[in-house]
Each structure stands twice: as structure tokens, then as C-alpha cells.
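Colleague: Predicted model and sequence below, questions to follow.
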Amino acid sequence: ESLRFSAGLALSHPFGVEQRLHQLTDTLVSMPSEQLGDQVIRGLFTHLSPTMAFVPRRLPFLFHARSSFPRRPCDPIDRGGASGLNRRRAVSVRLWSGSVRELPEEGVAVNVEAMAGLSRGDLAARQSSALSDLIARLRIAGSPYWDTKLRDVGAVESIDDIGSLPFTVKKEFRDTYPSGMLAVPMGDVVRVHASSGTSGKPTIVAYTASDVAMFAEVNARALALAGATSESVVHVAYGYGLFTGGLGLHYGVEALGATAVPASGGNPGFQVGLLADLGADGLAATPSYALLLAERAAADGVLDRVALRWGIHGAEPWSEGLRHKIEEAWGGDYTACDIYGLSEIIGPGVASEWAEAKGGLVVFEDHFYPEILDPFTQEPVADGSLGELVLTTLTKQAQPVIRYRTGDITRFLPDDYGLPFRRIDRLQG
């Protein structure tokens, strides 16, 4: 009865869904294991998931935590009588602490076949619902930043209304440093990343547990497009820490069900030895480091022992000529794919290249809505024309961004390549 009551609250309060789901979470984690049969939980999540865009990402972690990690006296959620936001934060950390290999797949399009199964009509409906919900939530966030930002914005009922929203520029991150752009209490934040701050104050980007799950999901999609499967061993040679690259791809590997080797950067001699010994078939690294590793493997005489078949390379500009050089350096049977992202949006995983249709980046537009505008008139350009990429985070919870002017120049590509998501050209400036 308690579980049914909490679910009813979540469904009947559209502007307090996150808070109501915290109540539901607290109810579920407090129930004895014998009362939480898999069929009961799965049925409840199936009932809730069509209603709220973030449910298919957040609640499966709860399902996994309750089914795979029965409560014991030493579990974090049982310590010290935590309550309110602090208790919910402990629960969020607990939900993310396990491996995600066994997560149920409802609502999460990770592999290529699942992505191809989406329709443009369903995608547009999701976008409209997500944008409307986002603006409604930001209006009541109690944030001076968002109150000012949305003061002159009228009703937003569909994705077609996105042109009525104001733009966001990078200066706003610095002006509101460190946490003025948050749309949730700091107690709901489970992770923070930051830029290097080489041009001034660093750009701080915050994530809720739901954001971390979405971050993993989009990177899992990117890896699948590059060639990864659940059987892959992926050598992650991006930097870990405040930089978003290493952790973003790492969690993507695990969300796909593959094996991550968290090598990070540096020590190329040791890394090529690991590549040979562990049999990695995929490499996640900057293009320049991917080439350096290939050259080091050849110099150390281990290139013929390396089984790499594909790589996902981003975080710095690179050309078709460098792509060819990397692929040849790894032996000619290697496919190098681009990945695009920005810390201000989420990190890597905003868009990625598909190995079957190289030359364009697939934008995961159920989470990141793309516009291409004339940078001077700020109006949409004609199909196929160059313009500035503008992005809106449709599903991000902690620190959403609306109509962010990336400064990156690209164009939309024809959409007859086999997937429902739009593609953009590789960036030209």
C-alpha cells in the first residue's frame, strides 16, 4: 500500500516528480527484501516509465540495487539515521555503486538495432514532452539565475517553441561560478566536473544520479556506433579526474556491458603492453594519443600482438588525413570514429560517428536538441548550409542548458543513412 501510494503521488504531481520519486525510492529501500519481488518492481517501473522521461534511466538503477544488493546492516543507507536530502543522496550513491552489466534494458536505446527502431514521430513527441517538462521545472526551481532567464518566456508546449527561448553563452558559466546555474539543491548533486580554467575561472558542471546514468547511456551509444559490443574489452586512455572524457567513456563501456580498462593517460610503453596482454578490441583516446600508442607499439615490437579493431577519438580537432594515418598505423583493419561533446552540455557523448556511415556525427537528440543558426542573424539556416551549432539539454537535471551557443560551425547532413537521429557534419571551426 505504501508503495502504491508513493507511485500515485509521483504520477499526480507533474511539477514535483523528482521529489515524489525520492519518496518512492525511500519506500522501496526500506521494504524487506521478501516484499520486493522482481515482478512487482518491474511492473511498477513499466507503469511509471511512459510518464516521465528520466524514469527509464533512473529507476532501473533502483531495480538493480534492490534485486542484486539486499540490505544488510553495514549498507550505507542503514547508517546513522540519515534523513531528507542527505538520506536521498546516500541512496543515489548506493544505486550507482554496483556494476551496470545486468541492468534491465527498458527505455534505454544503447545498441544500434535499438536506436534504429526509434521513429522520427516518437522522437519528436519525446522532445516536445521533455522540453515542456524542463521549462516547467526550471520555472519553479527557486533559482535567481533561472527566474531571470525565463522571465519573458511564454508558454512552451512543444519542441516547435524552442525558438522563443533565450540563448546561453559560456560567459554565463563564469558569471554564475561556481553553482549559480544549478536547478537542483546541492544535496542532489552526486558529481562535479570542471574545465581547466585556462582562460579564467573554470567551468563547473554538476550531475545528479540521473545525469550520471544519462551520461553513461549516451556514451554507450557512441561506443556501439564505433563497433563495441557487450563482449568488447575497451582500453580507455582519456584522462580521468575533473576532465569529463575518461569517466564518461568508462561508464559508457560498463553500461554497454563491456569490459573497461581504465588506463588514463601517460606511460605509453606500459599501455601498449596492456593492449597486447588484455586483448582489447577497442581504444578510447584522443586522436593524437591513439597515433602515439600505435607508433610506440610498433617501436616496441608488440604491434602484431595488439587486437584492436576500432577506436573512438575526440577532445581535439582532427582531419580525415589523420584518420587515415591512425587506421594505417594500427594495421589497416582498424576503424577510427569521431566523438563530440562539451563539458557545458554533458561531456563526450553529445554526438558520435557511426562506423557504417563515417563522415558525420549522429546527434543523440532525445537528450540534446540541435539547432544550426546563422551566427549573425541567429535564425535557422537552410538545410545543408553551414551555421553555428546550438544545443539544448532536454533531460539533464542538475544543470540544464537552453540554446547554448557552442561556437562550432557545422551543417545538417541528409537523414537517409539508417538511423532516426539527425547527423551533423564534422566540425569546421
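Modeller: On my side now, so go ahead.
Colleague: All the helices of the stretch 201-350 of the chain, in order from the start?
Modeller: Listed in chain order, the helices of the stretch 201-350 of the chain (DSSP state H, counting those that start in this stretch) span residues 209-226, 244-256, 268-278, 287-299, 320-329.
Colleague: Can you classify the nearest residue to residue 155 once chain neighbours are set aside by secondary structure?
Modeller: For residue 155, ignoring the flanking residues on the chain, the nearest one in space by C-beta to C-beta, 6 or more residues apart in numbering is residue 161 at 7.4 Å. In this view, the C-beta of every residue, glycine as well, is placed from N, C-alpha and C. Per DSSP: H, G, I helix; E, B strand; the rest coil, the local secondary structure of residue 161 is helix.
Colleague: Compute the number of surrounding residues for residue 161.
Modeller: In terms of burial, residue 161 registers 16 neighbours under the definition other C-beta atoms under 10 Å.
Colleague: Same question for the one 4 residues further on.
Modeller: Burial of residue 165 is recorded as 17 neighbouring residues (other C-beta under 10 Å).
Colleague: for residue 358, what are its contacts?
Modeller: When the contact criterion is C-beta atoms under 8 Å, 6 or more residues apart in numbering, the partners of residue 358 are 335, 337.
Colleague: follow-up on the earlier one: okay if I get the helices of the stretch 201-350 of the chain as CSV plus mean neighbour count and mean pLDDT?
Modeller: Output for the helices of the stretch 201-350 of the chain, formatted as CSV (neighbours: other C-beta atoms under 10 Å; pLDDT from 0 to 100):
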stretch, mean neighbour count, mean pLDDT
helix 209-226, 27, 97
helix 244-256, 25, 96
helix 268-278, 17, 98
helix 287-299, 20, 98
helix 320-329, 16, 97
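Colleague: Of the ones you listed, which is nearest residue 426?
Modeller: The minimum distance between residue 426 and the helices of the stretch 201-350 of the chain falls on helix 320-329, with 8.3 Å, by C-beta to C-beta.
Colleague: Going by contacts, tell me the helices and strands next to the closest one.
Modeller: Based on contacts counted as 3 or more C-beta pairs under 8 Å, 6 or more residues apart in numbering; DSSP states H and E, the elements that helix 320-329 packs against are helix 287-299, strand 335-342.
Colleague: so what secondary structure elements neighbour the longest one?
Modeller: Which is helix 287-299. Counting by 3+ C-beta pairs under 8 Å, 6+ apart, the packing neighbours recorded for helix 287-299 are helix 268-278, strand 310-313, helix 320-329.
Colleague: Could you say which one of the helices and strands packed on helix 320-329 comes nearest to residue 110?
Modeller: With C-beta to C-beta as the criterion, residue 110 lies closest to strand 335-342 of the helices and strands packed on helix 320-329, at 15.3 Å.
Colleague: And the pLDDT at the residue nearest to residue 155?
Modeller: Reading off the confidence values, residue 161 has pLDDT 98.
Colleague: Against residue 124, how distant is it?
Modeller: Counting by C-beta to C-beta, to the nearest Å, the gap from residue 161 to residue 124 is 13 Å.
Colleague: how about the helices in the stretch 51-200 of the chain?
Modeller: The residue ranges that make up the helices of the stretch 51-200 of the chain, judged by DSSP H, counting those that start in this stretch, are 55-68, 84-96, 112-116, 120-139, 144-149, 171-175.
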